[in-house]
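Visitor: Kindly generate the corresponding structure for this input.
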Amino acid sequence: LIMLDEFQEIARLQAFAGTQNLLGTVRAALDRPGKVAYTVAGSRVTALRNIIGDSESPLFTRFEQIELHPFGLEATGDLATLIWDDEEVVYEPDAIVRLYKIAAGWPFYVQAVALRARQLARAGNGRINPDLIDMAFQQELFGRNASIGQQCRYLLETATSTDAATMRNALESVLRQVARWQ
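Guide: I've put the predicted structure just below:
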């Protein structure tokens, strides 16, 4: 199994000399007989769909599109309790509910906040409660080595990546207003 994450970034490579047929080369590798399965994933869903689903793309019909949805409350709890399965920490059931509400069930965010909560609980009184989940989330947004903060920066950069400065400014303004008014 070969898994390529953030596959939509392959489009950026086409800006370099000699890469005009890059997607055709990928298609040739996909079509080569063998015992290898290929999976692609990406956070910029529209860009990824354009690369693999556009009828003009060399990769058209080469991948089956599967939409991955966020976890429900129970699966969020399963992931969190795997992370919190530690002799040094005890969690309150309401902490899972708060984690689910904050992360909306998205596994990346659930894992990042749960790991940070475990770290904070170990350094504190050993209890994970809804207030600690809030603190863990804030640290994941603004703290050093914050996974969620880094992901947000990446998403902002990719959402506003354009050569035109005026377009970038307009996109940033829209994103700031959306963030401000939720």
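Visitor: pLDDT wise, what is the residue of the chain most remote from its centre at?
Guide: The outermost residue of the chain, judged against the average C-alpha position, is residue 33 (31.7 Å), by CA atoms, centre = their mean. Note on residue 33: pLDDT of 86.
Visitor: From residue 24, how far out is it?
Guide: 18 Å (CB to CB, to the nearest Å). No exception for glycine: its C-beta is placed from N, CA and C like everyone else's.
Visitor: distance of the residue nearest to residue 141 when sequence neighbours are not counted from residue 60?
Guide: Closest residue to residue 141 apart from its sequence neighbours, by CB to CB, 6 or more residues apart in numbering: residue 149 at 5.1 Å. Residue 149 is 37 Å from residue 60, where distance means CB to CB.
Visitor: Regarding the residue farthest from the centre of the chain, what is its secondary structure?
Guide: Applying DSSP: H, G, I helix; E, B strand; the rest coil to residue 33 yields a three-state assignment of coil.
Visitor: Give me the mean pLDDT for the one helix or strand the residue nearest to residue 141 maps to.
Guide: Assigned by DSSP states H and E, residue 149 belongs to helix 147-159. Averaged across helix 147-159, pLDDT comes to 79.
Visitor: same for it, what does it pack against?
Guide: helix 107-123, helix 130-142, helix 165-181 (3 or more CB pairs under 8 Å, 6 or more residues apart in numbering; DSSP states H and E).
Visitor: Packing partners of the first one?
Guide: With contacts defined as 3+ CB pairs under 8 Å, 6+ apart, the secondary structure elements packing on helix 107-123 are helix 73-84, helix 93-103, strand 127-128, helix 130-142, helix 147-159.
Visitor: Can you list the buried residues in it?
Guide: 109, 110, 111, 112, 113, 114, 115, 116, 117, 118, 120, 121 (16 or more other CB atoms under 10 Å).
Visitor: what does that helix contact?
Guide: Here helix 107-123 makes contact (CB atoms under 8 Å, 6 or more residues apart in numbering) with 70-71, 76, 79-80, 83-84, 86, 88-89, 91, 95, 99-100, 102-103, 127-128, 132-133, 135-137, 139-140, 143, 147-148, 151.
Visitor: quick one: buried residues of the worst-scoring helix or strand of the chain on mean pLDDT?
Guide: Least confident helix or strand, the chain: helix 165-181 with a mean of 72, by mean pLDDT, DSSP states H and E. For helix 165-181, a neighbour-count test (16+ other CB under 10 Å) marks residue 171 as buried.
Visitor: This completes my enquiry, with thanks.
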